[in-house]
Each structure stands twice: as C-alpha cells, then as structure tokens.
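S.K.: quick one, what's the 3D model for this:
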Amino acid sequence: MDDYAFPGPAAPVGSSAYYVIRFADPAQQQPLVALFGWRRELIRIATGISDAGLARIKLQWWREELERAAAGTAQHPLARRLGEAMRARRLPLTALDAMAEATDEDLRGEAPWSRADLLAHCARGGGSFGELLALVAEAPPQAGRELGTAARLAEILRDLGGELRRERCRLPRADLQTAGLAPELDGLRNPASAEPLRRLLGELADLARLDHRRAGAASRWYALRRALLDEVDSARQAWDSRPTPPPLDGPCTRQLRRELATRIGPWDEGYFLYFEETDWLGRARRQGLRLGQVPACVDACKVDALVYGDINDLVAAGRLKDAGSILAAAAGTPTTRPGGDTVAAWHAWGEAELSAGDAARAAWSSHPSTAVRKEDMP
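M.R.: This is a model prediction of the structure:
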C-alpha cells in the first residue's frame, strides 16, 4: 500500500487534509500530499513516542533526511516525494526545517513566556506549513504564513484540555500572571480558575481569527481551523445561555473525575440496568453538585452512534447505510424532557425516545435511496 497516495494515510477520507487536497488543482495534489505527510510524521513524533529523548533522535534523523531530499539522495519514500516537491514547486528547505524545529520545542515541553513567544512558535510550526501550502498553489507566501500561524494557534487552544491532562501547558506564563492565574497545572484545573482562564482563551482566540486571504490550499486549511474556533465559541454561548442546568439526564454518555466518583460513591447494584445511574445522579445533586451537558454530543449519543465510531470510520468500513439510519433516528427522537423528576417519568421518556428512534431508523432503511452498491464504497 502506498502511504502517500491520495486518499491515503497522509490524507484519509473525511480528514481536513483530504478536503484541502480534494479541492486543489490536480497538478497540486501530489505536492500537497507530501506536505501533509510531513506534518503527519512530525505529529507522530511529538505524540506517538513516550520517550522524549528517542523522539528527538528520530526528529534529528528526519532533519538530516530533509537535507538529503534537497540534494536528491533521500532514501525514505516521503523524503523523496518532498524532494520532488521542493524542486518542482521551489519549496524552501528552511520552511520544512522550521516545522521540525517547532516540533523540537514541543518535545522540550517549555511553556512560552510571552504572547509574542507563543505566536513565534505558531509561526515556525503552522506559519511555515501555511507558507508551503501557498507556494504550491502559487499564492502569496506571506498570506499563507499568516493563515498558518493563526491555524496553529487555533489547534493549541483546541488541545489545551488534553495537554493539561498530560501535565503540559502552552499558554504564555506572563499572560497567566496578568490574569491572576497560577502557572502550576493544578491551579489551572481548579474550578475557581474557570472564568479568568476563559477570558484569556477568548483573547487568544481573537488572535486566531483573521480576515479572508487568498492563499490557495492554506486558505482552505485555515478555514477549517477557523470553523473549529467558531464551533467552540458557539457551544460556550449555548451553555452560557441555559437558564439552569438539567436536574438529571439519561445514561448514554457521561464524563467525571475520579475524585468525584470517590466522593459520591459507587453505583447501587440493586437497581436494574440504567436506573442505578439515575440514582447516582440524584445522590450527586443532593450533595450540591450540578450536571452539565455538552450540546454537540446530545444527538449522537441518543441512538447508539458511538457503537460505530465517527463518520470517517463509517465510510472506511462501508457502513453508509448504518450511518444514514443513525442520523435519521437522531432526527426522529423527541426533544422534550420528562414530565417529572422521578424514575417512572424518566423510564417513560426513555421508552418514547427508543420507539421514535426505531421508527425513524426503519423508515430510512426501507427507502429506495438507501441501496448501496459495492462499487460506491470508497
């Protein structure tokens, strides 16, 4: 299998890389695949190797292989493709190496001191990538660099929660001090830090929002990252606008900290199936805790969508019919809440949800348009 074919591992169907390349001029697609393959390799080095020392050794090998690619003597298939792209599109080796330098900074795990330091890091990792994407499209490289810097900042904001769980933080230390936030990770995870942290993240998100610039593939890549910021902001506003959080909720998907589970205690195994979770939520409520919802997750969790994975997995497995039935069932489920805060009311509500979802799924499955031919599968 060619790892650098299109579509392929470097740009799988449904990924942002896929759509950036899919709508590019055919003559630009192979250089773009090589660039996204290079970025994928850097991400794998930064996140896929637990030992930072070994990761830096591998990164150094790749930097030397890039030099061989520029000279036409590379051995790795990706490096050879990058060499061809450098010669055909006049891509500077310095931009490719700057992306590697940003990865090396990530491996060192040092938080930037100032906002300027953070933006400089984003310029090395994302700005250089945006510049390369623009050059492939024969677009202004400076516009691509600006868009790429903003796109990388958006990614850092997106990944903040996971980074904190891995005991890392990329937020500028000077900004944390100005906001009255302790730079220690435990302090940032403290609920009391939520509001000042939200304001700081809002300021950084504004830096990642740029006016439209014509930069070919870089514009499409940035547009997807900009849409991510807008979606996060929309979800935050939806939560802020809720008059009160729900007193109880169904049992499909829930996230909680270990210390919270220890505080409330285990589920009561005397209940049958889902009712032990309702009882657990009631105990949490009696201890003064509130339940929160993530609006974007509600529909997907109602009808077993998580059994199949995300939409990319559905496409890859050829389960288009299942995907359609899931979406139809989600659209057909009731949006009302139980009439009362009792086990009986929640039971009746769950039965109504199940019936409506099954009916919508059956109606969709019997529709003539659901016939899927083998040759239609990716």
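S.K.: tell me the buried residues in stretch 152-163?
M.R.: By neighbour count on 16 or more other C-beta atoms under 10 Å, the buried set for stretch 152-163 is 152-154, 156-157, 160, 163. In short, each C-beta sits where N, CA and C put it, glycine included.
S.K.: can you get me the start-to-end distance on it?
M.R.: 15 Å (C-alpha to C-alpha, to the nearest Å).
S.K.: got it, and stretch 84-93?
M.R.: End-to-end for stretch 84-93, by C-alpha to C-alpha: 12 Å.
S.K.: for stretch 352-359, give the mean pLDDT please.
M.R.: Throughout stretch 352-359, pLDDT has a mean value of 62.
S.K.: any idea how far residue 21 is from residue 91?
M.R.: 16 Å (C-beta to C-beta, to the nearest Å).
S.K.: one more: residue 171?
M.R.: Distance from residue 171 to residue 91, by C-beta to C-beta: 32 Å.
S.K.: and residue 51, by the same measure?
M.R.: Counting by C-beta to C-beta, the gap from residue 51 to residue 91 is 31 Å.
S.K.: what about the two, which has more around it?
M.R.: residue 91 (23 against 8; other C-beta atoms under 10 Å).
S.K.: need the three-state assignment for the more buried one.
M.R.: Secondary structure for residue 91, judged by DSSP: H, G, I helix; E, B strand; the rest coil, is coil.
S.K.: and for the one 10 residues further on?
M.R.: Going by three-state DSSP, the secondary structure assigned to residue 101 is helix.
S.K.: follow-up on the earlier one: for the buried residues of stretch 152-163, give me JSON lines that also has distance to residue 119 and secondary structure.
M.R.: Putting the buried residues of stretch 152-163 into JSON lines (distance: C-beta to C-beta, whole Å; DSSP: H, G, I helix; E, B strand; the rest coil) gives the following:
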{"residue": "152", "distance to residue 119": "9", "secondary structure": "helix"}
{"residue": "153", "distance to residue 119": "7", "secondary structure": "helix"}
{"residue": "154", "distance to residue 119": "12", "secondary structure": "helix"}
{"residue": "156", "distance to residue 119": "11", "secondary structure": "helix"}
{"residue": "157", "distance to residue 119": "13", "secondary structure": "helix"}
{"residue": "160", "distance to residue 119": "16", "secondary structure": "helix"}
{"residue": "163", "distance to residue 119": "18", "secondary structure": "helix"}
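S.K.: any stretches of the stretch 251-378 of the chain with poor pLDDT?
M.R.: The stretch 251-378 of the chain contains residues with pLDDT under 70 at 251-256, 271-275, 290-344, 346-347, 349-351, 353-378.
S.K.: outline the domain layout of this protein.
M.R.: 16-240, 258-376 (automatic domain parsing).
S.K.: pull up the per-residue confidence for the nearest residue to residue 126 once chain neighbours are set aside.
M.R.: Nearest-residue entry for residue 126: residue 152, 2.5 Å, with adjacent residues in sequence omitted and distances by C-beta to C-beta, 6 or more residues apart in numbering. Here the pLDDT value assigned to residue 152 is 93.
S.K.: residue 152 is in contact with residue 125, isn't it?
M.R.: Yes: using C-beta atoms under 8 Å, residue 152 makes contact with residue 125 at a distance of 5.2 Å.
S.K.: so is residue 84 in a helix, a strand, or just coil?
M.R.: Residue 84 ends up helix, using three-state DSSP.
S.K.: that one: neighbour count?
M.R.: Neighbours of residue 84 using other C-beta under 10 Å come to 16.
S.K.: equivalent analysis for residue 129, please.
M.R.: 29.
S.K.: still on that earlier bit, now, which of the buried residues of stretch 152-163 sits nearest residue 281?
M.R.: residue 160 (27.8 Å; C-beta to C-beta).
S.K.: ok, now how distant is the closest one from residue 168?
M.R.: Residue 160 is 10 Å from residue 168, by C-beta to C-beta.
S.K.: ok, residue 193 next?
M.R.: 17 Å.
S.K.: for residue 118, same thing?
M.R.: Taken as C-beta to C-beta, the span from residue 118 to residue 168 is 14 Å.
S.K.: neighbour count for those two, which is higher?
M.R.: A direct count of neighbours by other C-beta under 10 Å for residue 118 and residue 168 places residue 118 higher, at 23 against 15.
S.K.: how close does that one get to residue 106?
M.R.: For residue 118 relative to residue 106 (C-beta to C-beta), the value is 12 Å.
S.K.: isn't residue 149 up against residue 127?
M.R.: Yes: using C-beta under 8 Å, residue 149 is in contact with residue 127, at 3.9 Å.
S.K.: between the two, which is the more surrounded one?
M.R.: residue 127 (30 against 27).
S.K.: so when I look at the more buried one, I'm seeing a strand, right?
M.R.: No: looking at residue 127 with three-state DSSP, it is helix, so not inside a strand.
S.K.: the chain should start at 198 in everything you say after this.
M.R.: Okay, residue one is now 198; in that scheme the one you just asked about reads as residue 324.
S.K.: ok, now which ones touch it?
M.R.: Residues near residue 324 by C-beta atoms under 8 Å, 6 or more residues apart in numbering: 342-343, 345-346, 349.
S.K.: go on, residue 312?
M.R.: Residue 312 touches 369, 371-372, 401, 404, counting by C-beta under 8 Å, 6+ apart.
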